[in-house]
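1. I'd like to go over a predicted model; first the sequence, then the structure.
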Amino acid sequence: MILSLIVAYDRNRVIGHGGSLPWEIPTDMQYFREKTRGKPVIMGRKTHESIGRALPKRLNIVVTRQAGYVAANECVVAGSLIEAIALGKKQAEQDGVSEVMVIGGGELYRQALPSADRVYATEIDAEFLGDTTLPELGGDEWEVASQNKVQDETSGVGLNFVVYERRN
């Protein structure tokens, strides 16, 4: 089973501001949907609350330390990342998919990165105001498996979709 992170960040590795994305880039949202649809997704409570609903066509697992937390309909609550990964793997096996996706936020990325096999990164060629950043991946641990540079037609922002694979 592959544990993957999917994340978008700007030139300064900013991933969030005030509990939400600091940008609206349709091309990146389409990429996110394509990569996560049909796969279990794991998110932190704040990310879940910023989305405000379950993402369709995938099991949504919300990680929180808050006892008795009630998530949106069709979401499963886990008390830790380890529990969430176990739930995601079980669902992935039932669905015949080989990947579980961590979709944020910052704290969950930090916890999951040491265990991750793959990172789907959207590198945004711009700078945004933000209060949450992604840590560096660590040069020797990761290699670029693929990349695709595009320009978002709506915003005009340049994007580089990079897939990083952990070296064995």
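-> Okay, I see it.
2. going forward, measure contacts between C-alpha atoms and count neighbours the same way
-> Will do.
3. need the three-state assignment for the spatially most central residue of the chain.
-> Nearest to the mean C-alpha position of the chain, counting by CA atoms, centre = their mean, stands Ile103 at 2.1 Å. Under the three-state scheme (DSSP: H, G, I helix; E, B strand; the rest coil), Ile103 adopts strand.
4. list the contacts for it?
-> Residues near Ile103 by CA atoms under 8 Å, 6 or more residues apart in numbering: Leu5, Ile6, Val7, Val41, Ile42, Met43, Tyr109.
5. next: Glu141.
-> Arg166, Arg167.
6. return the helix or strand in the protein with minimum mean pLDDT.
-> None of the helices or strands of the chain scores lower by mean pLDDT, DSSP states H and E than helix 45-51, at a mean of 93.
7. beta-bridge partners for Val100, please?
-> Beta-bridge pairing for Val100 (DSSP bridges): Leu3.
8. do the same with Val144
-> Tyr164.
9. quick one on the thing from earlier: which one of the contacts of Ile103 is nearest to Ile124?
-> Val7 (10.6 Å; CA to CA).
10. any buried residues in the least confident helix or strand of the chain, and which?
-> Buried residues in helix 45-51, counted by 16 or more other CA atoms under 10 Å: Arg45, Lys46, Thr47, His48, Glu49.
11. same question, stretch 134-143
-> Leu134, Trp142.
12. low-confidence stretches in the chain?
-> The chain contains no residues with pLDDT under 70.
13. what are the ranges of the strands in it?
-> Secondary structure of the chain, counting by DSSP state E: strands at 2-9, 14-16, 41-44, 60-63, 75-78, 99-104, 118-124, 132-133, 142-151, 158-166.
14. closest one to Phe32 among these?
-> strand 2-9 (7.4 Å).
15. same for the closest one, what does it pack against?
-> On a contact count with 3 or more CA pairs under 8 Å, 6 or more residues apart in numbering; DSSP states H and E, strand 2-9 meets strand 14-16, strand 99-104, strand 118-124.
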